[in-house]
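[1] Fold the following for me, if possible:
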Amino acid sequence: MAAPLLSLEQVSVRFGSQAVLRQINLQIHKGETVVVIGESGCGKTVVLKLLIGLLEPTTGQATFDGKVLTRLPEKELTRQRLRFGFLFQGAALFDSLNVYDNVAFGLRAQGGFPAAEIHEKVRQRLLEVGLPMTIASKKPAELSGGMKKRVGLARALALDPEVMLYDEPTTGLDPIMTDVINELILQTRRQHPVTSVVVTHDMKTVVKVADRIIMLYPLSRLTPSEPQIIFQGTAAELQQCQDARVRQFVEGEARERLRELGQANSLAPR
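    Model prediction:
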């Protein structure tokens, strides 16, 4: 098998006294769509930031295309990041810029693109995500949540990235728009030779887009000897997994957590 395009090797991350990730090993191969799931606070978004070099591991190393990110000079690290597209949780559009300028931002920042080529790239990417050029002059405040997500995706795709990172791409969207975004993730994979990593809580997204699923568990709920990745496999294997922690997450079952909360409340000082 070919070497992985992205990998985390024995990666741990601490913020002060708080441990977030512990000895994570993860390999992602070219063309794969890997979905990372788990409870809030288990380190899913931290994984995305490690993969693109926005965070440094406390221990261990993150590699991209055979390069250890922490060993790269800043200029080279910036150049490698241009090979990524990142759809942020809230779309993270620039409020002061209109749609056109948001999508064109990366092209202009990289430089070397004539105005006519930028215009055509913006037009193509907006059409790919189902948006007409008539919205190009609108500001983000004038857009619905679903439109903002699609503009964010168009911006991420503008530089023809080799890797797409999606942080909660369907959060806050209605079921129909959620399915639109899921279809766009699949469409992006069909139209571009892209490797994708998706962080989500949405099980419909998991089932629809994942080649492989990784489930993280919060360190605060594990003993020191337990691995933090508690599941790795396909969507079909996820449905068959009998680990109670996995089942509770997949089925949205809160009884165990409510029982814990009740015990905590009973022990609280009055």
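[2] From residue 34, how far off is the nearest residue to residue 4 once chain neighbours are set aside?
    The shortest distance from residue 4 to any residue that is not its chain neighbour, by CB to CB, 6 or more residues apart in numbering, is 3.9 Å, and that residue is residue 27. From N, CA and C alone the C-beta is placed, and that goes for glycine too. For residue 27, the distance to residue 34 equals 9 Å [CB to CB, to the nearest Å].
[3] Same check on residue 105?
    27 Å.
[4] do residue 122 as well
    In this structure, residue 122 and residue 34 are 29 Å apart, going by CB to CB.
[5] Just the residues contacting the helix or strand in which residue 106 is found, thanks.
    Assigned by DSSP states H and E, residue 106 belongs to helix 99-110. For helix 99-110, the surrounding residues in contact (CB atoms under 8 Å, 6 or more residues apart in numbering) are 82, 93-94, 97, 113, 118, 121-122, 125-126, 131, 135-140, 143, 151, 154-155, 158-159.
[6] Which is the succeeding secondary structure element to that helix?
    Per DSSP H and E, the first helix or strand lying C-terminal to helix 99-110 is helix 115-128.
[7] right, and the helix or strand after that next one?
    Counting by DSSP H and E, the next helix or strand C-terminal to helix 115-128 is helix 145-157.
[8] Report the buried residues of that following helix.
    When burial is assessed from 16 or more other CB atoms under 10 Å, helix 145-157 yields the following buried residues: 146, 147, 148, 149, 150, 151, 152, 153, 154, 155, 156, 157.
[9] for stretch 34-53, same thing?
    By neighbour count, and taking 16+ other CB under 10 Å as the criterion, the buried residues in stretch 34-53 are 34-39, 42-53.
[10] And stretch 188-207, by the same measure?
    Buried residues in stretch 188-207, defined by neighbour count with 16+ other CB under 10 Å: 188-189, 194-203, 205-207.
[11] Quote the end-to-end distance of it.
    For stretch 188-207, the first-to-last residue distance is 17 Å (CA to CA, to the nearest Å).
[12] my guess is residue 126 contacts residue 136, does it?
    Yes. Between residue 126 and residue 136 there is a contact at 7.1 Å, judged by CB atoms under 8 Å.
[13] sorry, back to before: so the helix holding residue 106 versus helix 145-157, what angle?
    With axes from the mean of the first three to the mean of the last three CA atoms, to 10 degrees as the basis, helix 99-110 and helix 145-157 are set at 20 degrees to each other.
[14] ok, for residue 70, nearest residue in space, not its chain neighbours?
    With sequence-adjacent residues excluded and distances taken as CB to CB, 6+ apart, residue 70 is closest to residue 56, at 5.3 Å.
[15] what residues are up against that neighbour?
    With contacts defined as CB under 8 Å, 6+ apart, the neighbours of residue 56 are 50, 69, 70.
[16] hmm, 10 Å instead?
    For residue 56, the contacting residues are 11, 13, 49, 50, 62, 69, 70, taking CB atoms under 10 Å, 6 or more residues apart in numbering as the criterion.
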